[in-house]
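Participant: can't give you the sequence, but here's the structure:
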């Protein structure tokens, strides 16, 4: 029989083995991410490497800009009509490669996924209307959100990666049926999108959807007042969106924050500002480009509350600090890097508008027309 002391040792070893069961052994890599003296470091485990994936090469070498414009050769070109026909064809070939699933049926393969094969100018397919707006969205991100995407930029492949619907998207959750018994009040349903935090289901709607608010719950003064006091539920939602950011980039909290002073920008990593601009970019993308397409998508491309699949941080990053490991794809597709002149529908019976006011109204008018 084992003595009491031996049983104690065995028990201690058993407890220790259980305690260490969730630990990752082996060497770790530490990188300084913040200013000197702030102890902001990023810890990574080489054994838990996430493959960034490979960016596909261009379909062929881009011809030099010459020849007629796309709008002079093709009918009903509302977004890329200002580029040459050769650059237009090159860009369309790349988009087909990025979006159309490899296993698409013959009637939806290649150009047919968006176009009516008998009349390429026809807008009857919803995929063409959506694709046109997504091109404008990509241009907007590359031109107006360089504070986040820098010179790397984005292309359709950044999110889609060979699939018609990106892998990481979200919609507003199904509302409660109103019953008292079994009503979770929007809580306690762990989600992989927020690192399985058992927190509010509508996290993305709160921070990345229409009417999104800032991800902040700490008081801005030493004595919280009724005006800036936040409750536990708000703190839970804030925690959930922060967990989403951390998981989407496969980083820990100190990638952006100093753990001793989370709210202090002066003690935070420069990456925090980069993330802030990214949140503004995602909000704009969802509010201005995706959500307005709800009436265009068919029912099978909508969530339980009738809203389209929208973006979050994981849509582009897919568990990488930089999407696709920082692959420089956008440089090969100049048509996607700047916002081109939109075709503004003419008002019946009115003279064509000209001047700065007309230029300022063009994006809104184009959005209203579903371009």
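Facilitator: Yep, that arrived. Everything quoted here is computed from the prediction, not taken from an experiment.
Participant: residue 116: neighbouring residues, count only.
Facilitator: 14 (other C-beta atoms under 10 Å). To be clear about C-beta, it is placed using only N, CA and C from the backbone, and glycine gets the same treatment.
Participant: quick one: residues contacting it.
Facilitator: 122, 124, 125 (C-beta atoms under 8 Å, 6 or more residues apart in numbering).
Participant: can you check the pLDDT for the residue nearest to residue 200 when sequence neighbours are not counted?
Facilitator: Leaving aside its chain neighbours, residue 200 sits nearest to residue 237 (4.8 Å; criterion: C-beta to C-beta, 6 or more residues apart in numbering). Residue 237 carries a pLDDT score of 84 in this model.
Participant: same question, residue 196
Facilitator: pLDDT for residue 196: 73.
Participant: which one of the contacts of residue 116 is nearest to residue 266?
Facilitator: residue 125 (51.9 Å; C-beta to C-beta).
Participant: touching, that closest one and residue 118? I think so.
Facilitator: No: Residue 125 is beyond contact range of residue 118, at 11.7 Å (criterion: C-beta atoms under 8 Å).
Participant: who's more crowded, the two?
Facilitator: Per other C-beta under 10 Å, whichever of residue 125 and residue 118 has more neighbours is residue 125, with 15 against 6.
Participant: ok now do the more buried one, which residues does it touch?
Facilitator: 114, 115, 116.
Participant: any idea how many residues pack against the closest residue to residue 310 other than its chain neighbours?
Facilitator: Ranked by C-beta to C-beta, 6+ apart and with sequence neighbours excluded, the top spatial neighbour of residue 310 is residue 286, at 4.5 Å. Neighbour count of residue 286, defined by other C-beta under 10 Å: 24.
Participant: doesn't residue 286 belong to a helix?
Facilitator: Yes: counting by DSSP: H, G, I helix; E, B strand; the rest coil, residue 286 is found in a helix.
Participant: these two touch, right, it and residue 211?
Facilitator: No: checked against C-beta under 8 Å, the pair residue 286 and residue 211 is beyond contact range at 10.9 Å.
Participant: quick one, helices of the stretch 151-300 of the chain?
Facilitator: Using DSSP state H, counting those that start in this stretch, the helices of the stretch 151-300 of the chain run over 156-160, 203-208, 232-249, 271-284.
Participant: please report how far the nearest residue to residue 175 once chain neighbours are set aside lies from residue 187.
Facilitator: Excluding the flanking residues, the one nearest residue 175 by C-beta to C-beta, 6+ apart is residue 305, at 6.8 Å. Applying C-beta to C-beta, to the nearest Å, the value for residue 305 to residue 187 is 18 Å.
Participant: same question for residue 276.
Facilitator: 27 Å.
Participant: quick one on the thing from earlier: and the residue nearest to residue 175, what element?
Facilitator: If you go by DSSP states H and E, residue 305 is not part of any helix or strand.
Participant: count of neighbours near it?
Facilitator: So residue 305, with other C-beta under 10 Å, has 12 neighbours.
Participant: quick one: contacts for it?
Facilitator: Contacts of residue 305 by C-beta under 8 Å, 6+ apart are 171, 172, 173, 174, 175.
Participant: what's the burial count for the spatially closest residue to the fourth one that is not a sequence neighbour?
Facilitator: The shortest distance from residue 174 to any residue that is not its chain neighbour, by C-beta to C-beta, 6+ apart, is 4.0 Å, and that residue is residue 304. Here the number of neighbours of residue 304 (other C-beta under 10 Å) works out to 10.
Participant: any idea how far residue 175 is from residue 304?
Facilitator: Residue 304 sits at a distance of 8 Å from residue 175 (criterion: C-beta to C-beta).
Participant: quick one: pLDDT of the nearest residue to residue 164 once chain neighbours are set aside?
Facilitator: In space, and not counting its chain neighbours, residue 164 is closest to residue 101: 5.6 Å by C-beta to C-beta, 6+ apart. For residue 101, the model assigns a pLDDT of 72.
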